[in-house]
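Participant: Need a 3D model of the following:
(2 chains)
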Amino acid sequence: MEHIISVTVENKFGVLSRVAGLFSGRGFNIESLSVAPTLDPSMSQMTIVTSGDERIIEQIVKQLNKLIDVIKVVDLNETEFVSRETAIIKVHTKDVDRAEALRIVDIFRANVIDSTPTTYTIEVSGDPKKIEAIINLLQPLGIKELVRTGRVAVAREPVRQAAVQAKKIARE
Amino acid sequence: MKLTGAEIFIECLKREGVKTLFALPGGVVLKIFDTLHQQKDVEVILTRHEQGAGHMAEGYAKATGKAGVCLVTSGPGMTNVITALADAYMDSVPVVCFSGQVPTSLIGNDAFQEADNIGLSRPCTKYNFLVKDVNDLAGTIKEAFYIATTGRPGPVLVDIPKDVSMAKADFTYPNSVSIRGYNPTVEGNKWQIKQAAEAIMKAKKPILYVGGGVVFSGASQELIELAEMTQIPVDMTLMGLGAFPGEHPLSMGMLGMHGTYQANMAMHYSDLVIAIGARFDDRVTGKVSEFCPHAKVIHVDIDPTSIRKNIHVDIPIVGDCRTVLRELNQILRATVNGEQKDLRKPWWDQIRDWQQAHPLTYHQEKDGPIKPQQVVKRLYELTKDRDPIVATDVGQHQMWAAQYFKLAKPNRWLTSGGLGTMGFGFPAAMGAQAAFRDRLVLCIAGDGSIQMNMQEMATAVLSKLPVKIIILNNGFHGMVRQWQDLFYEGRYASSNLGTTPDFVKLAEAYGAVGLRVKKVGDLDAVLKEAIATDKPVIVDVPTYPYENCYPMIPAGGCNHEMILEDPPELKMKQSGGAKVTPEDKDTVLTA
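Facilitator: Predicted structure coming up:
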């Protein structure tokens, strides 16, 4: 089963290779991995999409925790979470297709971020299914290039707790 | 006053209580060696190969319980020490290895003797550091020792570029270390420990399965108290030997692939496995799906990843073995009464039956070829009063040593378990001897594996480390030959060593003492002579070449299905001419 694991790590050189080396050395899957610094510049946040049965996921979480540069590991599948992925798609557009391309962009609430006489560069974000869907629709027009960020995800605040907090803030 | 990086390095070693450094110089570490040369607090033992330096540090660490330290140069120095680091990583040995690196300005330029030391060592160290600024050196070394010796111990590498060892900085040694991503759990969960105590009270057929974790956490006394109080038999892993006295009536000996019959049977038929500081290695579990089919499993380990890695665990307890056992004993002391003894009487009857049915056996004819088991057994009997430290290489001789050398105390057993590194024994023995100059240190080796680090004999002679090497010389890679006999229809592909050096002359060539046992009747006299010698000694013992090590569980086999002796067709083949028959009762000695 697919799991999204959120990992807070030290923001220093070599940490990515320790995490990647752990996955390759122990034969765990990485579907996607994204990493960027957090608000605190001494730390980075990784979002790793992986898959495996319960025992493997337990090992992945434990092995990640064992790495000395790893500060915190959360298996997001244990809670509610929201996730997004961004794709940038460069579409080859002949005159007749340009309107069609824009219609598709509109339907998916995507943006055209660059345009030349023969291409549109489209930015779209959403869950993986949405990205897949727009790629499928754009493919007949001719996709020249495609880059995807891999998923980033964050746990949702529990509704009740969020409500209590909101009240508190209101009172203050 | 400002110190150079090299001076800071030595100051740090002193603060960490390091007295001995196993080292081999090279271009980028010359500054450090030059500084070492001008002081007397840290003794430098010059090895002949960096692998030897690494294993010596391991032997030192295993015998003392403190971190072993080695120093190697960049490039080939580093790649040579990798085997020792991988070995230490598998067996959780606290080793701090310092490697030289090309100057920071040249890193990445394919400079002379440059290697990516951090990249090379990453998968086989607990952690590694590249020190890019001399101001970070002292803090890094402090962290390295802290990481190597706490939690589940392991090797740590500190890579020091040449310019860092030459640059100057103010020296302050930090008093404490705080790493936000590293906080080993020492105290076990109290509720889980209570659950474990309840399970122990109720169990009819419990078994203790103890490993190297008990040795490293110094929990032997607590283990003995637990076993005696609850009357539970104790199985030891290869790494756990010595954690519980080998001759104690509750000791079942070693379990696993070449474990004793009773140890493996008790494991298989138990209803409660109490694993302490052991990691359910495949050489112990055999076929995982049929491992301990009737048992509930309690697992105490400081490393959470060890728990449920291979085997389902019912009561996991993450914590230091000694701390957890103390707490467990405290609960049990209040609850144990006579009832458990009655409850477990049938279990003990069964275990005694197993013990009597298939004890460890071999057959030594009075005038026949020398049996390797006889050598180990006599060596044990002749030396046990001197509380020796025993190192082994890897192979048949290692298993016989594990079976017949019944260690009374922990930290006396130096062997390569996880990685199975041939060539480990001799340098490890030297490391232990360097820590304890007055103790008797033995190395039981095979003629194959001793040749993998033979060059260290020069180190032993130079540094006056009077290790006694006993070579069980059968002319084969014996364990390989055994597998070929059992599973490859006796085709000895590259297992016959063909030619081996004259080990007596070899020892003499190095300036050590060489002795040979010519017939079984001379065994005691020669061993005694070796033990009495105050120099490194090689005792060459030509042994029966076709002896196989039993019991044996074939790889992936089930623990209660042991091969106990040579299959008939193998016996036929090997006795063709040689008079080795179990029926010759009056000439047979039994272990």
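Participant: So which residue is smack in the middle of chain B?
Facilitator: B:T415 (2.8 Å; C-alpha atoms, centre = their mean).
Participant: ugh, wrong one, I meant chain A
Facilitator: A:R151 (1.3 Å).
Participant: Now do the contacts for that one.
Facilitator: By C-beta atoms under 8 Å, 6 or more residues apart in numbering or on different chains, A:R151 lies in contact with A:I4, A:S32, A:S34, A:T47, A:V49, A:S83, A:R84, A:E85, A:P128. (Each C-beta comes from the backbone N, C-alpha and C, glycine too.)
Participant: Please list the residues of the stretch 151-300 of chain B that sit near chain A.
Facilitator: Within the stretch 151-300 of chain B, the residues that sit near chain A (C-beta under 8 Å from any C-beta of the partner chain) are B:I179, B:R180, B:G181, B:Y182.
Participant: what residues does chain A put near chain B?
Facilitator: Residues of chain A lying close to chain B (C-beta under 8 Å from any C-beta) are A:9-10, A:14, A:17-18, A:21, A:25, A:55, A:58-59, A:62-63, A:65-71.
Participant: one more time with 10 Å, if that's ok
Facilitator: Residues of chain A lying close to chain B by C-beta under 10 Å from any C-beta of the partner chain are A:8-10, A:13-15, A:17-18, A:21-22, A:24-26, A:42-43, A:54-55, A:58-72.
Participant: Enumerate the positions of the longest strand anywhere in chain A that are buried.
Facilitator: For chain A, the longest strand by residue count, based on DSSP state E, is strand A:81-92. Buried residues in strand A:81-92, counted by 16 or more other C-beta atoms under 10 Å in any protein chain shown: A:S83, A:E85, A:T86, A:A87, A:I88, A:I89, A:K90, A:V91.
Participant: can you give me phi and psi for the residue of the stretch 201-350 of chain B found nearest chain A?
Facilitator: Nearest residue of the stretch 201-350 of chain B to chain A (C-beta to the nearest C-beta) works out as B:T305 at 4.4 Å. Main-chain torsions, B:T305, degrees, to the nearest 10: phi -70, psi -20.
Participant: The contacts of A:R151 into JSON lines, with extra columns for distance to A:Q165 and pLDDT?
Facilitator: As requested, these are exported to JSON lines (distance: C-beta to C-beta, whole Å; pLDDT from 0 to 100):
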{"residue": "A:I4", "distance to A:Q165": "24", "pLDDT": "97"}
{"residue": "A:S32", "distance to A:Q165": "32", "pLDDT": "95"}
{"residue": "A:S34", "distance to A:Q165": "28", "pLDDT": "95"}
{"residue": "A:T47", "distance to A:Q165": "25", "pLDDT": "97"}
{"residue": "A:V49", "distance to A:Q165": "29", "pLDDT": "97"}
{"residue": "A:S83", "distance to A:Q165": "23", "pLDDT": "94"}
{"residue": "A:R84", "distance to A:Q165": "24", "pLDDT": "95"}
{"residue": "A:E85", "distance to A:Q165": "29", "pLDDT": "96"}
{"residue": "A:P128", "distance to A:Q165": "31", "pLDDT": "90"}
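Participant: which one of those is nearest chain B?
Facilitator: Among those, and counting by C-beta to the nearest C-beta, the member closest to chain B is A:T47, at 17.9 Å.
Participant: Doesn't the closest one lie inside a strand?
Facilitator: Yes - counting by DSSP: H, G, I helix; E, B strand; the rest coil, A:T47 is located in a strand.
Participant: hmm, back to that, of the residues of chain A next to chain B, buried ones?
Facilitator: A:8-10, A:14-15, A:18, A:22, A:43, A:58-64, A:66-71.
Participant: In strands, which of these appear?
Facilitator: A:T8, A:V9, A:E10, A:M43, A:V70, A:I71.
Participant: Look up the pLDDT of the residue of the stretch 201-350 of chain B closest to chain A for me, please.
Facilitator: On pLDDT, B:T305 comes in at 96.
Participant: shouldn't it be in contact with B:R152?
Facilitator: Yes - counting by C-beta atoms under 10 Å, B:R152 is a contact partner of B:T305 at 8.9 Å.
Participant: what residues do these two have in common as contacts?
Facilitator: A:K66, B:R279 (C-beta atoms under 10 Å, 6 or more residues apart in numbering or on different chains).
Participant: that older thread, give me the contact list for the helix or strand following the longest strand of chain A.
Facilitator: Note on strand A:81-92: by DSSP states H and E, the next helix or strand toward the C-terminus is helix A:98-107. With contacts defined as C-beta under 10 Å, 6+ apart, helix A:98-107 is touched by A:89, A:91-94, A:97, A:110-112, A:115, A:117-120, A:122-124, A:133-134, A:137-138, A:140-142.
Participant: Name the next helix or strand following helix A:98-107 along the chain.
Facilitator: The helix or strand immediately downstream of helix A:98-107 is strand A:111-115, counting by DSSP H and E.
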